[in-house]
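Peer 1: predicted structure and sequence below. I'll ask about it afterward.
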Amino acid sequence: MKTVQFREAICEAMSEEMRRDESIYLMGEEVAEYNGAYKASKGMLDEFGEKRVIDTPIAELGFAGVAIGSAMNGNRPIVEYMTFNFSLVGIDQIINNAAKIRQMSGGQFNCPIVFRGPTASAGQLGATHSQAFENWFANTPGLKVIVPSNPYDAKGLLKAAIRDDDPVIFMESEQMYGDKMEIPEGEYIIPIGVADIKREGTDVTIVSFGKIIKEAYKAADELAKENISVEIIDLRTVRPMDHAAILTSVKKTNRLVVLEEAWPFASVASEITYRIQDEAFDYLDAPIKRITTADTPAPYSPVLLEKWIPNSNDVIKAVKEVMYI
């Protein structure tokens with residue numbers, strides 16, 4: 001085992017795959033000469049050269065289209081967005097071309113491409129740089145959506161995403177790039193669409209994904225002091241979602257709280273809530289609770305931002321509500 005930062009896990013995954021397959025290349029703003037905006041491609045230009053690690057202009061629509069076209073012709077591009085807020089400039093290419101070309105071409109073209117970069121808030125960056133679009137992309141048939149919460153999962157899932165023959169949205173966090181964790185020295189791959197039970201428990205299930213799951217861990221530690229046993233499921237993949245893992249857990253604990261760093265309307269939490277009430281209604285001992293950001297654009301004010309984003313106290317409150325404490 002070795003200890004790596006999240007950014008290093010991302011870099012290792014891309015580099016290992018690029019050594020294995022010459023059709024893979026990385027493109028995006030500042031990925032080459034600057035070693036990546038968050039240093040997630042450090043050293044890759046020196047190893048692979050400017051034909052495979054490509055700095056682009058600030059033109060997300062343009063380089064998304066170039067990458068999709070090259071994927072249709074036998075390449076396997078990795079497109080880095082400085083944040084997924086900027087993917088909105090290129091979202092027509094992602095939704096209308098990458099996600100649909102296999103069906104619209106009658107299977108003549110596939111689109112093996114990864115779009116990756118940070119999602120959600122990262123402190124005082126203002127409303128337009130603090131958005132989470134996991135549910136937007138997950139709403140689109142043809143796309144797979146991955147949101148890892150730690151370096152180990154990030155490396156294994158990114159390697160799986162790069163090898164996948166369909167377009168994958170791979171969402172990271174600016175506030176996780178410095179997170180450290182032990183990972184295996186050798187190669188490993190984590191299958192897409194498989195959730196992970198990060199903590200086993202018997203009283204209540206918490207489902208989450210991405211960096212906000214850290215608040216669930218904090219809450220579980222505090223609740224344990226009151227003899228409340230919390231099971232935490234990390235989705236890891238939002239689409240395809242591992243509904244079976246959630247269902248199995250809820251049948252055991254009979255209570256469900258969903259924690260998500262996104263707006264409440266039409267959220268991933270809403271989809272989970274629908275599926276569980278539809279398939280496990282008779283197992284529930286309490287209504288399902290979801291915890292999301294406030295239903296407003298993200299504020300710049302640190303005082304307001306603290307109230308806007310979910311925290312461990314919100315999780316503790318929700319757990320106690322479903323337990324009628």
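Peer 2: Ah, there it is.
Peer 1: identify the residues contacting residue 131.
Peer 2: Residue 131 is in contact with 84-85, 119-120, 298, counting by Cβ atoms under 8 Å, 6 or more residues apart in numbering. Heads up, the C-betas are built off the backbone N, CA and C, glycines and all.
Peer 1: now those residues in CSV, with neighbour count, distance to residue 62 and secondary structure?
Peer 2: As requested, the contacts of residue 131 are exported to CSV (neighbours: other Cβ atoms under 10 Å; distance: Cβ to Cβ, whole Å; DSSP: H, G, I helix; E, B strand; the rest coil):
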residue, neighbour count, distance to residue 62, secondary structure
84, 24, 17, coil
85, 21, 17, coil
119, 29, 22, coil
120, 27, 25, coil
298, 22, 28, coil
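Peer 1: okay if I get these as TSV plus pLDDT and distance to residue 312?
Peer 2: Output for these, formatted as TSV (pLDDT from 0 to 100; distance: Cβ to Cβ, whole Å):
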residue	pLDDT	distance to residue 312
84	97	25
85	97	26
119	97	21
120	95	17
298	97	19
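Peer 1: now the stretch 51-200 of the chain, which segments are flagged as low pLDDT?
Peer 2: For the stretch 51-200 of the chain, no stretch is flagged by pLDDT under 70.
Peer 1: how close does the closest residue to residue 75 other than its chain neighbours sit to residue 147?
Peer 2: Spatial nearest neighbour of residue 75, chain neighbours left out: residue 23 (4.9 Å); criterion: Cβ to Cβ, 6 or more residues apart in numbering. According to Cβ to Cβ, to the nearest Å, residue 23 stands 26 Å off from residue 147.
Peer 1: the more surrounded of the two?
Peer 2: Shown here are residue 23 and residue 147; by other Cβ atoms under 10 Å, residue 147 has more neighbours (31 against 14).
Peer 1: can you pull out the strands in this protein?
Peer 2: 2-5, 24-28, 53-55, 76-80, 114-118, 144-146, 168-172, 180-183, 196-199, 204-208, 230-234, 237-239, 256-259, 289-291 (DSSP state E).
Peer 1: can I get the second one as CSV, trimmed to CA atoms?
Peer 2: Extracted as CSV, the C-alpha positions of strand 24-28 are listed here (Å, rounded to 0.1, in the frame of the first residue of the first chain):
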residue,chain,number,x,y,z
ILE,A,24,-6.2,7.7,-25.0
TYR,A,25,-5.4,11.4,-24.7
LEU,A,26,-6.1,14.3,-22.3
MET,A,27,-7.3,17.7,-23.3
GLY,A,28,-8.5,20.7,-21.4
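Peer 1: that strand vs strand 114-118, what angle?
Peer 2: 40 degrees (axes from the mean of the first three to the mean of the last three Cα atoms, to 10 degrees).
Peer 1: strand 24-28 pairs with which strands?
Peer 2: Looking at strand 24-28 with DSSP bridges, its partner strands are strand 53-55 (parallel), strand 76-80 (parallel).
Peer 1: who does the lengthiest helix in the chain touch, helix- and strand-wise?
Peer 2: Assignment by DSSP state H gives helix 6-20 as the longest helix of the chain. Using 3 or more Cβ pairs under 8 Å, 6 or more residues apart in numbering; DSSP states H and E as the contact test, the elements touching helix 6-20 are strand 24-28, helix 44-48, helix 151-163, strand 180-183.
Peer 1: minimum distance to residue 209: which of those has it?
Peer 2: helix 151-163 (9.9 Å; Cβ to Cβ).
Peer 1: hmm, who's touching the closest one?
Peer 2: 4-6, 8-10, 12-14, 16-17, 24, 76, 78, 114, 116, 144, 146, 148, 168, 170, 172, 179-183, 187-192, 196, 234, 236-237.
Peer 1: let's see it at 7 Å
Peer 2: 4-6, 9-10, 12-13, 16-17, 24, 76, 78, 114, 146, 148, 168, 170, 172, 179, 181, 183, 188-192, 236 (Cβ atoms under 7 Å, 6 or more residues apart in numbering).
Peer 1: the inter-axis angle of it versus strand 114-118?
Peer 2: Using the same axes, to 10 degrees, helix 151-163 lies at 150 degrees relative to strand 114-118.
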